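Participant: sharing a model prediction with you, sequence too.
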Amino acid sequence: MMRLIEFTEGILEKSWIWLNDSEIKHLTNTPDFTKESQREWFDNLPKNHCYWVKGIEYNNEVIGVAGIKFIDLENKKAEYFGYIGDKNYWGKGLSEHLFPLIYHAAINNFGLKELYLNVIPQNTRAIKAYEKAGFKVIESAENNVLMSKQL
């Protein structure tokens, strides 16, 4: 069973490891960051009302991070982000369990009508999962694919 859980210091530590893995860093297009900048970001989360982040738990094990950012309540849209950091769970079709949880939170917590996301063109596995979840390509460039879904 999959669920979204509080983004704790323990998950912050796991995310440091995951996002510094060269493959995950590339696929998520994560810029370089320091432990200090990550800690500052984490400490500011309670005050950041445009950012909602959760840990992804599957069968009682934390396997990744997901959420929405740039929450625009006026235009009722936000950017989805997420990744499975535990590579043992890659390619298992878990996004079909994750996206309904994200959609539910986006609608019920924030009243959103649209989610969009950015993904690098080389992350074909993610693009297929997003398309299966109903996201449509809006714009495609050499370094980025912009996708959107109406909720």
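Facilitator: Looks like it arrived, so ask away.
Participant: and residue 65, how many neighbours does it have?
Facilitator: The number of residues packed near residue 65 is 23, by other C-beta atoms under 10 Å. All C-beta atoms are positioned from the backbone trio N, CA, C, and that covers glycine.
Participant: which residues touch it?
Facilitator: Counting by C-beta atoms under 8 Å, 6 or more residues apart in numbering, residue 65 touches 7, 11, 15, 18, 53, 54, 55, 56, 82, 83, 85.
Participant: which SS class is the second one?
Facilitator: Taken by DSSP: H, G, I helix; E, B strand; the rest coil, the conformation at residue 11 corresponds to helix.
Participant: in this protein, which spans are strands?
Facilitator: Using DSSP state E, the strands of the chain run over 2-6, 51-58, 61-72, 77-84, 114-119, 136-140, 145-150.
Participant: export those strands to JSON lines and tack on distance to residue 28 and mean pLDDT?
Facilitator: As requested, the strands of the chain are exported to JSON lines (distance: least, C-beta to C-beta, whole Å; pLDDT from 0 to 100):
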{"stretch": "strand 2-6", "distance to residue 28": "18", "mean pLDDT": "97"}
{"stretch": "strand 51-58", "distance to residue 28": "14", "mean pLDDT": "98"}
{"stretch": "strand 61-72", "distance to residue 28": "10", "mean pLDDT": "98"}
{"stretch": "strand 77-84", "distance to residue 28": "5", "mean pLDDT": "97"}
{"stretch": "strand 114-119", "distance to residue 28": "9", "mean pLDDT": "98"}
{"stretch": "strand 136-140", "distance to residue 28": "18", "mean pLDDT": "96"}
{"stretch": "strand 145-150", "distance to residue 28": "13", "mean pLDDT": "98"}
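Participant: out of those strands, the one nearest residue 25 is which?
Facilitator: Closest to residue 25 of the strands of the chain, according to C-beta to C-beta: strand 77-84, at 10.1 Å.
Participant: angle of the closest one against strand 114-119?
Facilitator: 50 degrees (axes from the mean of the first three to the mean of the last three C-alpha atoms, to 10 degrees).
Participant: hmm, who's touching strand 77-84?
Facilitator: 18, 24, 27-28, 56, 63-72, 90, 94, 98, 102, 106, 110, 112-118.
Participant: restricted to buried residues, select these in PyMOL.
Facilitator: Buried members of the contacts of strand 77-84, defined by 16 or more other C-beta atoms under 10 Å, are picked up in PyMOL with:
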select buried, resi 18+24+27+28+56+63+64+65+66+67+68+71+90+94+98+102+106+110+112+115+116+117
